[in-house]
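> sequence and predicted structure, then a few things I'm wondering about:
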Amino acid sequence: MRVAVVYFESGYREVVKTAKSLAAGISAGNHMVDLINGETDSDKKLTGYEYIIIGASPISFFTGKISDKVGKYLNSSGMVTGKRSYAFIRKKGLGSAKALRNLMMEMEKEGMMLKVSDVLFSTVEAEAAGKRLHIKK
């Protein structure tokens, strides 16, 4: 299956490392995975992907706010309604659970079907999460 791993680093480089580890875990299951930087690859459409993964981190240590670029990207990323998806937040500070909830709300606003969501603490955990995802229909 074609899988897109879209990440929004928002000044926190650990999100990139986490997204790469997640993609490595998914690739181990013989899926075609594309890494997409949602902040710089804003013209990349998600319509052709069967499973979409969105990752971010809180923009500050204490709040659960995520970058407003997430909603803008999803709004302009093509037909994502009904797509099976996974949301992850890279642990940063105290607002990670709230940030995950905010990310999930942005994805559901676009009609994406969330199957799983996680707060990931490390790249090792991200790779393990990628291996255990049930991507096939």
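Cool, the structure landed.

> quick one: the helices in this structure, in order.
14-27, 69-75, 96-109, 123-132 (DSSP state H).

> figure out which of the ones you listed is closest to V6.
helix 69-75 (7.2 Å; CB to CB). C-betas here are computed from N, CA, C, even on glycine.

> so which other helices or strands are in contact with that closest one?
Other helices and strands packing on helix 69-75, by 3 or more CB pairs under 8 Å, 6 or more residues apart in numbering; DSSP states H and E, are strand 51-56, helix 96-109.

> identify the residues contacting it?
Applying CB atoms under 8 Å, 6 or more residues apart in numbering, the external contacts of helix 69-75 come out as 6, 8, 10, 38-39, 42, 54, 56, 80, 103, 106-107, 109-110, 112.

> what does stretch 18-33 give?
1-5, 7, 35, 51, 53, 55, 88, 90, 120, 122-124, 126-133, 135.

> what about 7 Å?
Here stretch 18-33 makes contact (CB atoms under 7 Å, 6 or more residues apart in numbering) with 1-3, 5, 7, 35, 53, 55, 88, 90, 120, 123, 126-131, 133, 135.

> cool, and stretch 106-116?
Residues contacting stretch 106-116 (CB under 7 Å, 6+ apart): 52, 54, 70-71, 74-75, 80-87, 104, 133.
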